[in-house]
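Q: here is my input; please provide its structure:
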Amino acid sequence: MTCREVPVRPLRVLHAPVNVGNQPWTLSRAERRLGVESDLVTNYSTWIGYPADRVLSSVGDMSLRGLANRISGGIAAPFKYDVIHYYFGRSLLFWDDLPRFNHLPYADLHIAKWLGRKIFMTLQGCDSRIASLSNRRYAHTTCAEGRCSAYSACVSHYDQQRMSMIANVLPQCDRVFFLNPELGHYVPNATFLPYANVDIGAIDILPPRQSGVARIVHSPSDPAIKGTRQILEALDALKSRHEFELILVQNKSHAEAMRIYRDADIAIDQIFIGWYGGFSVEMMAMGKPVACYIREEDLAVIPPKMREQLPILRINPDTLASDIASILERRAEWTAIGERSRAFVERWHDPDRIAARMIELYKSPATELFS
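A: Model prediction:
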């Protein structure tokens, strides 16, 4: 009689219930490459066109079929997967687009906890940024009247919802991550996680041109939050002294936007958030320099080596025109900055590297992310 080895079943990981910035999709694909059965399921998709393995219904769908898909998908998930990695402070049964039916938020998370599944949460920005506190803490923040259209609503009731989520939901997770350093002020016992939103190996390196009219790209998903008006005013003030072409990318699918980015020489990201976004990672992966406002006082939460190597060209809302002018005058340096930017992305934003660490954390949540 011989003993037969029982095959080890691959770890089953679910990313849900939204795909913000393509982080969940790219990370789940990297986990698949490393042998994990990793899926992304969303409650709905958006006009940006980020992919998912399964979309349970359309946004705002109140049909019986749509509701049934969401309920069954949410309840089944904890029974099907070993690890559930939630995003944006939500779970599959948290329906932000259907508030009248949002009676059992986080019920699937509670089921997963009861079943002993590993639970992770990645916070990405307005899911956990406390607008009233951000407004008091910073001179430059998106959380102010006239910058974010939701600011008044945030102060009046969304802040309370976020604080409740932070106090009552996040402690049930085995590990919590945040992508924006500012969030570390509001979320105790959470860990900074770099973006893993770009399949770096699939991105062609397209260095900035050293001659001809410089092409500046700016891609605001929300112009007020990104500081688009102020950026355009600063560029307009520089037209008489500097020759450049502005490429403004708005209302495009992600695939369309990526094709447009290829023709740019340099990118301007945002001036109020205090950190760079997924757009910057895409541009740096192409080997292009990126300018952005970086809030120095938040950087204590990121790895020291990452701070040292950060290639972002610094701009400040108070000195925006002169900062951009200085960057335009240093065009001879753009190629080298682009090379450092690509190397930075390969070191800190490679989804395969991050996925490998995440898999270790899925197995043992107390594992250090940065070793």
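Q: can you list the weak-confidence ranges in the stretch 101-250 of the chain?
A: Within the stretch 101-250 of the chain, no range satisfies pLDDT under 70.
Q: all helices for the stretch 1-150 of the chain, in order.
A: Counting by DSSP state H, counting those that start in this stretch, the stretch 1-150 of the chain forms helices over residues 23-33, 64-80, 107-114, 131-137, given from the N-terminal end onward.
Q: pull the shortest one out as PDB, backbone CA atoms only.
A: In other words, helix 131-137. As requested, the backbone C-alpha atoms of helix 131-137 are provided in PDB (Å, rounded to 0.1, in the frame of the first residue of the first chain):
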ATOM      1  CA  ALA A 131     -12.400  66.400   5.800                       C
ATOM      2  CA  SER A 132     -12.900  68.600   8.900                       C
ATOM      3  CA  LEU A 133      -9.500  67.500  10.400                       C
ATOM      4  CA  SER A 134      -7.700  67.800   7.000                       C
ATOM      5  CA  ASN A 135      -9.000  71.400   6.700                       C
ATOM      6  CA  ARG A 136      -7.700  72.300  10.100                       C
ATOM      7  CA  ARG A 137      -4.400  70.500   9.800                       C
END
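Q: just use 31 as the starting number from now, easier for me
A: With the count now opening at 31, the last piece we talked about shows up as helix 161-167.
Q: check the offset of it from the chain's centre.
A: Computed by CA atoms, centre = their mean, to the nearest Å, the separation of helix 161-167 from the middle of its chain amounts to 21 Å.
Q: now do the buried residues in it.
A: For helix 161-167, a neighbour-count test (16 or more other CB atoms under 10 Å) marks Ala161, Ser162, Leu163, Ser164, Asn165 as buried. To be clear about C-beta, it is placed using only N, CA and C from the backbone, and glycine gets the same treatment.
Q: quick one on the thing from earlier: looking at the helices of the stretch 31-180 of the chain, which is buried most?
A: Relative to the other members of the helices of the stretch 31-180 of the chain, helix 53-63 carries the highest mean neighbour count by mean count of other CB atoms under 10 Å, namely a mean of 23.
Q: quick one, what contacts Ile296?
A: With contacts defined as CB atoms under 8 Å, 6 or more residues apart in numbering, the neighbours of Ile296 are Pro238, Ala244, Arg245, Ile246, Val247, Lys318, Pro319, Val320, Ala321, Ile357, Trp364.
Q: need those in TSV with distance to Met151 and neighbour count, can you?
A: What follows is the contacts of Ile296, written out as TSV (distance: CB to CB, whole Å; neighbours: other CB atoms under 10 Å):
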residue	distance to Met151	neighbour count
Pro238	38	20
Ala244	41	20
Arg245	39	17
Ile246	36	22
Val247	32	24
Lys318	32	27
Pro319	33	27
Val320	28	23
Ala321	31	25
Ile357	37	22
Trp364	38	23
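Q: of all the helices of the stretch 31-180 of the chain, which one is nearest Asp127?
A: The minimum distance between Asp127 and the helices of the stretch 31-180 of the chain falls on helix 94-110, with 10.3 Å, by CB to CB.
Q: of all the contacts of Ile296, which comes closest to Tyr111?
A: Nearest member of these to Tyr111, counting by CB to CB, is Val320, at 35.9 Å.
Q: can I get the helices of the stretch 31-180 of the chain in JSON lines with distance to Ser394?
A: Shown next, in JSON lines, are the helices of the stretch 31-180 of the chain (distance: least, CB to CB, whole Å):
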{"stretch": "helix 53-63", "distance to Ser394": "16"}
{"stretch": "helix 94-110", "distance to Ser394": "20"}
{"stretch": "helix 137-144", "distance to Ser394": "18"}
{"stretch": "helix 161-167", "distance to Ser394": "33"}
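Q: Asp126 - nearest residue in space that isn't next to it in sequence?
A: The shortest distance from Asp126 to any residue other than its chain neighbours is 6.6 Å, reached at Arg120 (CB to CB, 6 or more residues apart in numbering).
Q: that neighbour against Pro47, yeah?
A: Yes. Taking contact to mean CB atoms under 8 Å, the distance of 5.5 Å between Arg120 and Pro47 places them in contact.
Q: more neighbours: the two, which one.
A: Ranked by neighbour count (other CB atoms under 10 Å), Arg120 and Pro47 place Pro47 first, with 29 against 22.
Q: contacting residues around the more buried one?
A: For Pro47, the residues meeting the contact criterion (CB under 8 Å, 6+ apart) are Val71, Thr72, Asn73, Gly104, Tyr116, Tyr117, Arg120, Ser121, Leu122, Phe124.
Q: which of the contacts of Ile296 fall in strands?
A: The strands in this structure, assigned by DSSP state E, contain Ala244, Arg245, Ile246, Val247, Val320, Ala321 from the contacts of Ile296.
Q: what about the helices in the stretch 281-401 of the chain?
A: According to DSSP H, counting those that start in this stretch, the stretch 281-401 of the chain carries its helices in the segments 284-291, 308-315, 334-339, 350-358, 364-378, 381-393.
Q: and the average pLDDT for the fourth one is what?
A: Read it as helix 350-358. Regarding helix 350-358, the rounded mean pLDDT is 98.
Q: that older thread, roughly how far apart are the residue nearest to Asp126 and Pro54?
A: Plainly put, Arg120 is 12 Å away from Pro54 if you go by CB to CB, to the nearest Å.
Q: give me the common contacts of those two.
A: The contact sets of Arg120 and Pro54 overlap at Val48 (CB under 8 Å, 6+ apart).
Q: sorry, back to before: out of the contacts of Ile296, who's nearest Cys203?
A: When the contacts of Ile296 are ranked by distance to Cys203 (CB to CB), Val320 comes first, at 31.7 Å.
Q: what's near enough to touch the closest one?
A: The contact partners of Val320, taken as CB under 8 Å, 6+ apart, are Ile296, Ala297, Ile298, Asp299, Tyr306, Ser310, Met313, Met314, Pro341, Ile342, Leu343, Ser371.
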